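Undergrad: this one's sequence-less:
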């Protein structure tokens, strides 16, 4: 019996230390492209601003969702008349070849914990304050990026007085995941991640993604499990999102003055009914329901995204 107890204790110890190693192990980058523009380092995050040959008519700041990179937005906002500013979440790979950021004088490491919505919201506000050069501004957040946008508005409401916000299939106050992940299941995330990386799209998760006939969408989804630099960041994101949704009240909507919330009818990442109920509390924002839409609106229903005013 003592030998059995000793063996079990050793096995538990091995599992615990293996988990710690998996949490801290570097995740290899899979997606990177040529980028013409400036790259700015802010703490563990990065801000990119695309270079254009013409004077911009509108500024768009984009905030990707959980496990995403900013390539999710670049095709939709390809017009050279757009000053496109792209945020990379803390401790995520920047999808840029020859990554050489500068540290500008206005760069300030956020006070919030890396991996939190509040951390990335501070980065977004630095971009709004220091990089936007037009008076016509949109902030577009997808999924977790929607929560980051709202949190940024709560942190610095003055920056959003004249800013349009687009919250696409967003994490919202009192929102709910489609399939809640119990803490015990989340504990095993470091063991699950290598299996997901082997087969990013499989029979087990196929329903999450919606239509996959769009080649670009498929490529972006294939890169999801490789976008964070460490599994510990995924864990921090998940814990923080759950706490943010539970603890944030709908009063946060008072800080955004115009824009829209896009609610997909067949979201299999977040619960559409909870998203809709929360969105209806946003008095200043239009609620756009997309019947049959998946979590990835910009890929499946790009015409549902309100058009930019370029004049």
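TA: Arrived safely. Since the structure is predicted, the reported quantities are computational estimates derived from the model, not experimental observations.
Undergrad: where along the protein do the strands fall?
TA: 37-42, 45-50, 58-63, 82-88, 137-142, 163-168, 258-264, 286-290 (DSSP state E).
Undergrad: can you give me the mean pLDDT across stretch 182-197?
TA: Here stretch 182-197 scores 92 as its mean pLDDT.
Undergrad: list the buried ones in it?
TA: Buried residues in stretch 182-197, counting neighbours by 16 or more other C-beta atoms under 10 Å, are found at 189, 190, 193, 196. For the C-beta atoms, the positions are set from N, CA and C on the backbone; glycine is no exception.
Undergrad: Save these as CSV, and put in distance to residue 68 too.
TA: CSV is the format used below for those (distance: C-beta to C-beta, whole Å):
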residue, distance to residue 68
189, 17
190, 20
193, 16
196, 15
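Undergrad: The residues you listed: which two are farthest apart?
TA: 190 and 196 (11.1 Å; C-beta to C-beta).
Undergrad: Quick test: name the residue nearest the centre of this structure.
TA: The C-alpha lying nearest the average C-alpha coordinate of the chain belongs to residue 65 (C-alpha atoms, centre = their mean; 1.8 Å).
Undergrad: List the residues that contact that residue.
TA: 72, 141, 142, 143, 144, 145, 146, 169, 171 (C-beta atoms under 8 Å, 6 or more residues apart in numbering).
Undergrad: what's the burial count for the closest residue to it other than its chain neighbours?
TA: Excluding its sequence neighbours, the residue lying closest to residue 65 (C-beta to C-beta, 6 or more residues apart in numbering) is residue 143, at 2.8 Å. Residue 143 has 26 neighbours, counted by other C-beta atoms under 10 Å.
Undergrad: Can you pull the phi/psi pair for residue 143?
TA: Dihedral angles of residue 143 (phi, psi; degrees, to the nearest 10) stand at phi 60, psi -120.
Undergrad: For the closest residue to residue 246 other than its chain neighbours, the count of nearby residues, please.
TA: Closest residue in space to residue 246, ignoring its immediate chain neighbours: residue 174 at 7.7 Å, by C-beta to C-beta, 6+ apart. By other C-beta under 10 Å, 15 other residues sit near residue 174.
Undergrad: Make 9 the starting number, not 1.
TA: Happy to do that; since the first residue is 9 now, the last one works out to residue 182.
Undergrad: the helices in the stretch 59-208 of the chain, which residues?
TA: 79-82, 125-138, 152-163, 191-195, 197-206 (DSSP state H, counting those that start in this stretch).
Undergrad: Which positions within the longest one qualify as buried?
TA: It refers to helix 125-138. In helix 125-138, counting by 16+ other C-beta under 10 Å, buried: 125, 126, 127, 128, 129, 130, 131, 132, 133, 134, 135, 136.
Undergrad: is it possible to export the residues you listed to a markdown table including distance to residue 246 and pLDDT?
TA: Converted to a markdown table, these look like this (distance: C-beta to C-beta, whole Å; pLDDT from 0 to 100):
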| residue | distance to residue 246 | pLDDT |
| --- | --- | --- |
| 125 | 12 | 98 |
| 126 | 15 | 98 |
| 127 | 15 | 98 |
| 128 | 14 | 98 |
| 129 | 17 | 98 |
| 130 | 20 | 98 |
| 131 | 19 | 98 |
| 132 | 20 | 98 |
| 133 | 24 | 98 |
| 134 | 25 | 98 |
| 135 | 25 | 98 |
| 136 | 27 | 98 |
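Undergrad: for the residue nearest to residue 130 when sequence neighbours are not counted, what are its contacts?
TA: Counting by C-beta to C-beta, 6+ apart, the nearest residue to residue 130 once its immediate chain neighbours are dropped is residue 118, at 3.7 Å. Residue 118 makes contact with 50, 51, 53, 98, 126, 127, 128, 130, 131, according to C-beta under 8 Å, 6+ apart.
Undergrad: Model confidence for residue 118, exactly?
TA: 98.
Undergrad: Over to the one 4 residues further on?
TA: Model confidence at residue 122, expressed as pLDDT, equals 98.
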